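S.K.: generate coordinates for the sequence data below:
(chains A and B)
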Number of protein chains: 2
Amino acid sequence: MTPGPADARVTVVQTEPEFGAVDANRQATVDAVREHADADLVVLPELATSGYVFESHGEVDAAAEPADGPTAEAWSAVASETDTWVVGGFPEADGDDRYNSSLVVSPGGVEGVYRKVHLWNEEKRWFEAGEDLPVFDTPFGRLGVQICNDVWFPELTTKQAQSGVDLVAVPTNWVPEPADRPAGWTMGVHHAVANANANRVFFACADRAGTERGVTFEGQSVVVDPDGVPLAGPLPDSGSHSATADCDLARARDKALTPRDDVLADRRPDVYDDQ
Amino acid sequence: MTPGPADARVTVVQTEPEFGAVDANRQATVDAVREHADADLVVLPELATSGYVFESHGEVDAAAEPADGPTAEAWSAVASETDTWVVGGFPEADGDDRYNSSLVVSPGGVEGVYRKVHLWNEEKRWFEAGEDLPVFDTPFGRLGVQICNDVWFPELTTKQAQSGVDLVAVPTNWVPEPADRPAGWTMGVHHAVANANANRVFFACADRAGTERGVTFEGQSVVVDPDGVPLAGPLPDSGSHSATADCDLARARDKALTPRDDVLADRRPDVYDDQ
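M.R.: Numbers count the residues shown, from 1 in each chain, chains lettered A, B, ... in the order given. Down below sits the predicted model:
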């Protein structure tokens, strides 16, 4: 039976992985989960074990591991130890295929994997695209996952909300675009806010920070409520930090804004479908 | 033949209509267009002639007029006089039906009407919902229209972008929700930014200001470019103002972000359709 939604303490952890230093990066994520043992859910960045700026298939292969590999083991162990759920990104190896994936781990072990649906730029050289939107039942509510560029495609969130998702965990590696935007005008945050508000779900976005091979990441990790209001963060645009919010996930089950307005029922697919 | 996109000077006008004072409100919009005679396009607020907070069908009927009524005549005259396109909101009467509509007027006269697709709250008592997303060819590019609550439904913008729209004109009457949001955290602006950036189109949102029957409107009118960056505004949350931006509408025809990324082609309806 699907549990009803409950209060959940959600922590987004902003790390600075070092490219290719998989063991050290993995240990940093384990330490971060242990440091936030009071959380019900810890969200870690995209590709948190490997870093992001791959330059060859060989580099991807060197960092990739199966969904039951050492990262799954390490996150399962610390999830069990701390009684915490963990969502975090890693490069997945499945036979000859590679995916930009996120593990979803409960205190009982690996619950599943989300494979990034909307790959960005050179990721299309290294990774296959995901095909599925799994929904994870937890004691505090239903989790969905998106990774980075996925938040730019709002239909994904609508589909997840229609599937009963209460909170979307977003491991991400946002980069500052456009370069001339106003200070703090982080486009990923705007999209998380809009997606949360349009579908009345929570968003928990864990970005990385730091500079890797000339690419500077954007930080600004944030937890957003179904009104589109940040409950914690956005964090600074550089440095390792965390942000924690107590989320009343039952709010995501109520799609009514007024007695006459319901964000899902008011959609008009008759006007804009067959796209 | 559809003209190619060109630079356009776009002005959003933030007015403070007085409820029910149709003649005075209409004159204020005409004066505003005349004041911005250097613009190629002037966008006026939703229900700019009537005010917003109706309490009876009789009040709606008293303010409503056909799409070739006195407002169409007044805006056509000033559009011709100033060689400007005008998009603005009014309560439309079509036989026994009433719509929350926007006129699209060129220097040559009325080009058409957009009827709000996603009605909000008590509007559902007064108005029928629109069924169509007309696209208007202008000398500077293709216009689409949304009204207020429409921006909360991102599939509408995607459909318009797929139909070749370069700029979405948004007459609106945003109200501050949620009440406890951070300062400047105007949800309509977040949605305009996200919609513009996700589909690489321009958004020109003209909100009203002032308080009417206990409802305070939000101002924050804004012109947003295809990067999601404000070119003009957001305007203050109270008072009558305008904001003008020179928009290179050709930018909206390029949906590529990198040689590997295209905001429309990268959609994955195989994953999230049949909603």
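S.K.: which residues does residue A:168 contact?
M.R.: Contacts for residue A:168 (C-beta atoms under 8 Å, 6 or more residues apart in numbering or on different chains) come out as A:143, A:144, A:145, A:146, A:157, A:160, A:195, A:196, A:201, A:202, A:203, A:204. The C-beta positions use only the backbone N, C-alpha and C, and glycine is treated the same way.
S.K.: run a quick neighbour tally on the last one.
M.R.: Using other C-beta atoms under 10 Å in any protein chain shown as the criterion, residue A:204 is surrounded by 30 other residues.
S.K.: the strand or helix carrying it: how far from the chain's middle?
M.R.: Per DSSP states H and E: residue A:204 is located in strand A:202-207. Put simply, strand A:202-207 sits 6 Å off its chain's centre (C-alpha atoms, centre = their mean, to the nearest Å).
S.K.: will you turn the contacts of residue A:168 into a markdown table that also has pLDDT?
M.R.: Below are the contacts of residue A:168 laid out as a markdown table (pLDDT from 0 to 100):
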| residue | pLDDT |
| --- | --- |
| A:143 | 98 |
| A:144 | 98 |
| A:145 | 98 |
| A:146 | 98 |
| A:157 | 98 |
| A:160 | 98 |
| A:195 | 98 |
| A:196 | 98 |
| A:201 | 98 |
| A:202 | 98 |
| A:203 | 98 |
| A:204 | 98 |
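S.K.: closest to chain B among those?
M.R.: Proximity of those to chain B (C-beta to the nearest C-beta) peaks at residue A:195, which lies at 7.7 Å.
S.K.: next, that closest one: secondary structure please.
M.R.: Of the three states, residue A:195 takes helix according to DSSP: H, G, I helix; E, B strand; the rest coil.
S.K.: next, the angle from the helix or strand where residue A:157 lies to helix B:154-162.
M.R.: Under the criterion of DSSP H and E, residue A:157 resides in helix A:154-162. Relative orientation of helix A:154-162 and helix B:154-162, computed by axes from the mean of the first three to the mean of the last three C-alpha atoms, to 10 degrees: 150 degrees.
S.K.: show residues contacting helix A:154-162.
M.R.: Counting by C-beta under 8 Å, 6+ apart, A:117-118, A:133, A:135, A:144, A:146, A:150-151, A:168, A:191, A:194-196, A:198-201, A:255, A:263-264, A:267, B:154-155, B:158, B:194, B:198, B:267-269, B:271-273, B:275 sit against helix A:154-162.
S.K.: same deal with stretch A:194-203?
M.R.: Residues contacting stretch A:194-203 (C-beta under 8 Å, 6+ apart): A:10, A:144, A:151, A:154, A:157-158, A:160-161, A:165-168, A:170, A:192-193, A:222-228, A:247, A:249, A:251-252, A:254-255, A:263-264, B:152-154, B:187, B:190-191, B:193-195.
S.K.: next step: those restricted to helices.
M.R.: Counting by DSSP state H, the part of the contacts of stretch A:194-203 found in helices is A:154, A:157-158, A:160-161, A:192-193, B:154, B:187, B:190-191, B:193-195.
S.K.: near chain B, which residues of the stretch 51-200 of chain A show up?
M.R.: Contacts of the stretch 51-200 of chain A with chain B, taken as C-beta under 8 Å from any C-beta of the partner chain, map to A:117-118, A:120-122, A:124, A:129-133, A:152-156, A:158-159, A:162, A:177-178, A:180-182, A:185, A:187, A:190-191, A:193-195, A:197-198.
S.K.: give the contact list for the residue nearest the centre of chain A.
M.R.: Nearest to the mean C-alpha position of chain A, counting by C-alpha atoms, centre = their mean, stands residue A:170 at 1.6 Å. Residues counted as contacts of residue A:170 (C-beta under 8 Å, 6+ apart) are A:43, A:145, A:146, A:147, A:148, A:150, A:151, A:192, A:203, A:204, A:205, A:206.
S.K.: let me know the pLDDT of it.
M.R.: For residue A:170, the pLDDT comes out at 98.
S.K.: quickly list what it is bridged to.
M.R.: Beta-bridge partners of residue A:170, counted by DSSP bridges, are residue A:205.
S.K.: look up how far chain B lies from it.
M.R.: As judged by C-beta to the nearest C-beta, to the nearest Å, residue A:170 and chain B stand 14 Å apart.
S.K.: one more: residue A:106?
M.R.: 25 Å.
S.K.: wait, that residue sits on residue A:138?
M.R.: Yes - in this structure, residue A:106 is within contact of residue A:138 by C-beta atoms under 8 Å, at 6.9 Å.
S.K.: joint contacts of the two?
M.R.: residue A:85.
S.K.: low-scoring stretches of the stretch 1-150 of chain A, by residue?
M.R.: Where the stretch 1-150 of chain A drops to pLDDT under 70, the residues are A:1-3.
S.K.: re earlier: how about the helix holding residue A:157: buried residues?
M.R.: Residues of helix A:154-162 classed as buried: A:154, A:155, A:156, A:157, A:158, A:159, A:160, A:161 (neighbour count, 16 or more other C-beta atoms under 10 Å in any protein chain shown).
S.K.: of those, closest to residue A:19?
M.R.: residue A:156 (28.2 Å; C-beta to C-beta).
S.K.: residues contacting residue A:238?
M.R.: Counting by C-beta under 8 Å, 6+ apart, residue A:238 makes contact with A:209, A:210, A:219.
S.K.: swap that for residue A:98, sorry
M.R.: Applying C-beta under 8 Å, 6+ apart to residue A:98 gives the contacts A:60, A:61, A:64, A:91, A:92, A:126, A:127, A:128.
S.K.: how far does whatever helix or strand it lives in sit from its chain's centre?
M.R.: With elements taken from DSSP H and E, the one containing residue A:98 is strand A:97-106. On the basis of C-alpha atoms, centre = their mean, strand A:97-106 sits 11 Å off its chain's mean C-alpha point.
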